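Peer 1: sequence below, structure please.
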Amino acid sequence: MVGAIRWATLTVGLLFAATTTPGVRPAVYGSLLVAHALWRTARPGRTDRGDVIATVIEVALHVTVVASTGGWRSPFIVTVIGPIASIARAQAAQRVATEREEQTLGQLATLTEANSLLSDLHALAQTLPVSLDLRDTVNSIVVRVRELFEPNVVVLLLHGSANRSWTVGAAIGVRLPSALTTDDLAPPLAMASTGVAARLITDLSAAGGGMSAASSTGLYAPLWARHQLVGVLAVERVVPDTLTDRDRQLLEGVAEQGAMAIDNARWFARLRRAGADEERLRIARDLHDRVGQALAYTAFELDRISRTVDEEHVRAELQTLRSDTRQILGEVRETLSDLRADVTEDHDLIETVEAYLERVRRRTELEIEFEHGGRSRLPLPVEREVWRIAQEAVTNVERHARASRVAVRWTCGETGALLEITDDGAGMVLNGDAKPGSYGLVGMRERAEAIGGALEIDSAPGGGTTVRCRINAA
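Peer 2: Numbering: from 1, shown residues only. Got it, this is the predicted structure:
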């Protein structure tokens, strides 16, 4: 484009010179400009940063020619547009080169930072304890507390993302349900959950009672990690006046270490869960490529062989085997579809849940309803965790609930989001007698807490089950 401008303006200048100021001088200067244009055409300036020297020569030449042939009245005045275009091109090329350089340096810095972080994580992994499991962490805290204080009651509650949600990590000497709200806590423990230091209550009867009705004195400490409340710890004794302020200071030290250990275990669980999700997708792809194709080939071969057999009873048995193989192949494909399903940038939560529920309809007799409002999207990591919660809840209905109907509802708005799965099945017991890991409830609760949500479960034997995941707006 710059070359075209140069030749166009030069042609106009030569025509003006020939018609307005004929003579030797204009002809000489015109020839000089033509020679320069030929040189620049044969050897154009570099397009990355521009040929600075050539551009300076071009500007000086045109200014000299114009000044020598009449200044502003020079017939060659229009040829100055060529150098201007060269300068503009050089500046644009310089900006592009600078932007590319900055982008390259930014990518290099990002890769360097990622490499350093991975190196630090690897070094840290070598120093971690053998187990970062949350249950093991809670048990070790309880063991330490019992060794130090010889209590009659030890209660360790884990704080959920919802402000009033508590999960019982350990309850020694007292019977508690698996989940509590702040209203269910003994007054001293509720007060401790709002403070930053451990409390010593010498007379529990005057303070409203402890976690156990038989307790007379107690220590209550909040567990804080990274400026967030992760739990509360209660230590109670039946004999009055047997806990001192020194015990309170000692419990504060235990609480500080325990809070950090619990927070580490929770983060480790989230990382492990994310790794498990990726591994599940990889295994599903491998199974689809290997086992699925192998079963399909086996069914095809059985079909082919059955047509070559003359004996009727052998043919009938082969047909039965082929039918069983195709049924197994269908089940494998259904399972692989469930494993591979995920929320992506192109497929939102609603599309993923709809496709999954359609597969459940095909393979079961469940009456399924799916209600959703709007197409608002949450951040991709949040939607993926919500999807896994929905999948786990519906899978539980399919495998364990003995239900005839399940309703899934998803709403997402400016104030937050709600996922609700309700069935009319057998229900289950939600108290201290229920196994903590029953039906994947622990996993669903951990997923909800990882995205700042709260999991609620309403169920009773024979009364069906409702699973709700509430996510407040950030």
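Peer 1: name the helices or strands packed onto the longest helix along the chain?
Peer 2: Assignment by DSSP state H gives helix 81-127 as the longest helix of the chain. Counting contacts by 3 or more CB pairs under 8 Å, 6 or more residues apart in numbering; DSSP states H and E, helix 81-127 packs against helix 2-20, helix 52-68. No exception for glycine: its C-beta is placed from N, CA and C like everyone else's.
Peer 1: out of those, which is closest to L349?
Peer 2: Closest to L349 of those, according to CB to CB: helix 2-20, at 52.5 Å.
Peer 1: how about low-confidence regions in the stretch 201-350 of the chain?
Peer 2: Low-confidence segments of the stretch 201-350 of the chain (pLDDT under 70): 273-281, 284-290, 292, 338-339.
Peer 1: now the helices for it?
Peer 2: Ranges of helices within the stretch 201-350 of the chain are 245-287, 293-308, 312-340, 349-363, based on DSSP state H, counting those that start in this stretch.
Peer 1: still on that earlier bit, export the helices and strands packed on helix 81-127 as a markdown table, with columns for mean pLDDT.
Peer 2: Listed next are the helices and strands packed on helix 81-127 as a markdown table, based on pLDDT from 0 to 100:
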| stretch | mean pLDDT |
| --- | --- |
| helix 2-20 | 72 |
| helix 52-68 | 74 |
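Peer 1: relative to R307, which of these is closest?
Peer 2: Across the helices and strands packed on helix 81-127, closest to R307 is helix 2-20 (CB to CB), at 74.1 Å.
Peer 1: to R405, which of the helices and strands packed on helix 81-127 lies closest?
Peer 2: R405 lies closest, by CB to CB, to one member of those: helix 2-20, at 73.4 Å.
Peer 1: middle-most residue in this structure, spatially?
Peer 2: P381 (2.6 Å; CA atoms, centre = their mean).
Peer 1: go through stretch 315-325 and flag the buried ones.
Peer 2: By 16 or more other CB atoms under 10 Å, the buried positions in stretch 315-325 come out as L318, R322, T325.
Peer 1: so how far is it from its chain's centroid?
Peer 2: Chain-centre distance of stretch 315-325: 46 Å, with CA atoms, centre = their mean, to the nearest Å.
Peer 1: swap in stretch 394-412?
Peer 2: Worked out by CA atoms, centre = their mean, stretch 394-412 lies 25 Å from the chain centre.
Peer 1: from now on call the first residue 23
Peer 2: Sounds good: first residue 23 from here, last item stretch 416-434.
Peer 1: what about that stretch, average pLDDT?
Peer 2: Stretch 416-434 carries an average pLDDT of 92.
Peer 1: repeat that for stretch 204-220.
Peer 2: Across stretch 204-220, pLDDT averages out at 91.
Peer 1: re the thing from before, now render the helices and strands packed on helix 103-149 as CSV, adding mean neighbour count.
Peer 2: Below are the helices and strands packed on helix 103-149 laid out as CSV (neighbours: other CB atoms under 10 Å):
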stretch, mean neighbour count
helix 24-42, 17
helix 74-90, 16
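Peer 1: and of these, who's closest to G447?
Peer 2: Among the helices and strands packed on helix 103-149, helix 24-42 sits nearest to G447 (CB to CB), with 76.4 Å.
Peer 1: quick check: what element follows that closest one along the chain?
Peer 2: helix 46-64 (DSSP states H and E).
Peer 1: list the buried residues of that next one.
Peer 2: Applying 16+ other CB under 10 Å to helix 46-64 flags P48, Y51, G52, L55, H58, A59, R62 as buried.
Peer 1: quick revisit: contacting residues around the residue nearest to the centre of the chain?
Peer 2: By CB atoms under 8 Å, 6 or more residues apart in numbering, the contact set of P403 is I473.
Peer 1: is it in a helix, a strand, or coil?
Peer 2: Three-state assignment for P403 (DSSP: H, G, I helix; E, B strand; the rest coil): helix.
Peer 1: how near is it to E334?
Peer 2: As judged by CB to CB, to the nearest Å, P403 and E334 stand 59 Å apart.
Peer 1: identify the bridge partners of the nearest residue in space to T216 that is not next to it in sequence.
Peer 2: Using CB to CB, 6 or more residues apart in numbering and skipping the chain neighbours, the partner closest in space to T216 is P244 (7.9 Å). Beta bridges link P244 to V254 when assigned by DSSP bridges.
Peer 1: P244 and L211 touch, don't they?
Peer 2: No: taking contacts as CB atoms under 8 Å, P244 lies outside contact range of L211: 9.5 Å.
Peer 1: name the residue in these two with the higher neighbour count.
Peer 2: L211 (26 against 23; other CB atoms under 10 Å).
Peer 1: mind checking the backbone torsions on the more buried one?
Peer 2: phi -70, psi -40 (degrees, to the nearest 10).
Peer 1: what's the answer for the one 5 residues further on, then?
Peer 2: Comment: the main-chain dihedrals of T216 come out as phi -100, psi 0, following degrees, to the nearest 10.
Peer 1: quick revisit: which neighbours do P244 and L211 share?
Peer 2: In contact with both P244 and L211: V254, using CB under 8 Å, 6+ apart.
Peer 1: the residue nearest to the centre of the chain and A192, how far apart?
Peer 2: In terms of CB to CB, P403 sits 30 Å off from A192.
Peer 1: what of I223?
Peer 2: According to CB to CB, I223 and A192 sit 20 Å apart.
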